[in-house]
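Q: with the sequence up front, the predicted model follows.
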Amino acid sequence: MILVAVVEDEVQEQQKLRSFLADYAAQTGEKFTVSLFSRGADFLDCPESFDLALVDIMLGQENINGIEVAHQWRAKNPDALLIFVTNMLQYALQSYAVDALNYIVKPVEYSLFAQKLGRAVELLHLRRKKKICFTTQSGMECLDGEEIYYIETFGRGLKIHTVNRSIYCTETLKTMEELLQQECFFRCHKAILVNLLHVSSIHKASVTIGGEEVPVSRHRKKEFMDALVNCFGGSVS
């Protein structure tokens, strides 16, 4: 899941970029959650941590300039990716002062947008390829998050169910939840953390993952369903 912010004061341009993101998701299978902002100040006040921001440089007389928005956002999010969208090429050169990945000149064409978005997506995936490492009784173990089906509390530690085997570790469920917070994982039960990408069927009080039935707490069912929709990109439709 990639969290994207679109900072654009023109509604038509907002919807165009949102539509392009949805088209890219449909063509590639990539998953986005998209948030739209008409004012730079609203974007800066948002507590969400975005992976990528598409920022219009000229935000209108009632808004702070997109370059200034980027400066302030970059100070709090040094590792996030930034792409400027502008109809004034001379301003685009300022993008490098805030370590922007790229810029797109209006009117935005889908082919060029997809090319530059693809570069951003590639970089984000390369960053996320790092292993999830945790402590076991025999030492350290490292896995890719996508290998994990679900994690459950077991005795004084955890039992990690993976595609090929089960691993016992001495971490807490809270620690694993924090390690996997950028992935499609959800705590569906006080004692269980599931990988939403491996959910194959949903029942009244449980789900099936990797051929096993895993319980879902009644009071977490709605949040679980919302998280599942978001994980599979429903928010860009």
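A: Good, I have the coordinates.
Q: quick check: residue 164 is in a strand.
A: No - if the criterion is DSSP: H, G, I helix; E, B strand; the rest coil, then residue 164 is coil and not within a strand.
Q: that one - how many residues pack around it?
A: Residue 164: 6 surrounding residues under other CB atoms under 10 Å. To be clear about C-beta, it is placed using only N, CA and C from the backbone, and glycine gets the same treatment.
Q: in contact with it, which residues?
A: The neighbours of residue 164, taking CB atoms under 8 Å, 6 or more residues apart in numbering as the test, are residue 147.
Q: contact partners for the residue lying closest to residue 163 once chain neighbours are set aside?
A: Nearest residue to residue 163 in three dimensions, chain neighbours excluded: residue 147, at 5.3 Å (CB to CB, 6 or more residues apart in numbering). Going by CB under 8 Å, 6+ apart, residue 147 touches 162, 163, 164.
Q: the first one contacts residue 145, doesn't it?
A: No - using CB atoms under 8 Å, residue 162 makes no contact with residue 145, being 10.4 Å away.
Q: distance of the residue nearest to residue 163 relative to residue 176?
A: 13 Å (CB to CB, to the nearest Å).
Q: so, low pLDDT: which residues of this protein?
A: Across the chain, residues meeting the criterion (pLDDT under 70) sit at 60-64, 88-99, 127-130, 232-237.
Q: same thing but at 50, please
A: Residue ranges of the chain with pLDDT under 50: 234-237.
Q: how's this protein carved up into domains?
A: 2-128, 132-236 (automatic domain parsing).
Q: my guess is residue 59 meets residue 40, correct?
A: Yes - counting by CB under 8 Å, residue 40 is a contact partner of residue 59 at 5.4 Å.
Q: quick check: neighbours shared by the two?
A: Jointly contacting residue 59 and residue 40 under the rule CB under 8 Å, 6+ apart are 7, 65, 66, 69.
Q: all the helices of this structure, residue numbers only.
A: Counting by DSSP state H, the chain has helices at residues 11-28, 40-45, 66-76, 89-92, 110-128, 173-179, 221-231.
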